[in-house]
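Chemist: turn this into a structure:
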Amino acid sequence: MEIINFQVRFELNKEVDDDSTFNNEENIHLSTDTGEVIQQPFQFLSSVVNMSILKNTQEYNNGSYLRQFTFRLKESTAQDIKKATLIIDSPVDGSGEPLGEHLEIEVDFSKSNN
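Modeler: Down below sits the predicted model:
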């Protein structure tokens, strides 16, 4: 099994209300430079992020927290991929309207860390 793993530190910048929707299955995606698009993280190896977790973080003023998202590759190997983009869609309100901007985080695996 070929995978790409991301660890992301989340921090709320807006108050979360009961009408908002956000979860791994609908809001977190990956696209690669090989053309592969993965619509959701692999649930058995990824952290859960949903509105109840976000509300709990807000209620107890926990600040930022670390989450892991693992994507299972089906069309490529990890060695084939030079760049990948983690896409995090904004939470939406009860009418389906975005509550902020989508995030796109590009990671360049071809760059040396030296």
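Chemist: give me the most central residue, the protein.
Modeler: By C-alpha atoms, centre = their mean, the chain has its centre lying nearest to residue 28, at 3.9 Å.
Chemist: beta partners for it?
Modeler: residue 88 (DSSP bridges).
Chemist: list the residues that contact it.
Modeler: For residue 28, the contacting residues are 40, 41, 49, 69, 86, 87, 88, 89, by C-beta atoms under 8 Å, 6 or more residues apart in numbering. From N, CA and C alone the C-beta is placed, and that goes for glycine too.
Chemist: now restrict those residues to buried residues only.
Modeler: The neighbour-count criterion (16 or more other C-beta atoms under 10 Å) marks 40, 41, 49, 69, 86, 87, 88 among the contacts of residue 28 as buried.
Chemist: ok, of those, which one's closest to residue 110?
Modeler: residue 86 (16.6 Å; C-beta to C-beta).
Chemist: specify the local secondary structure of that closest one.
Modeler: Counting by DSSP: H, G, I helix; E, B strand; the rest coil, the backbone at residue 86 sits in strand.
Chemist: that one touches residue 105, doesn't it?
Modeler: Yes: between residue 86 and residue 105 there is a contact at 4.5 Å, judged by C-beta atoms under 8 Å.
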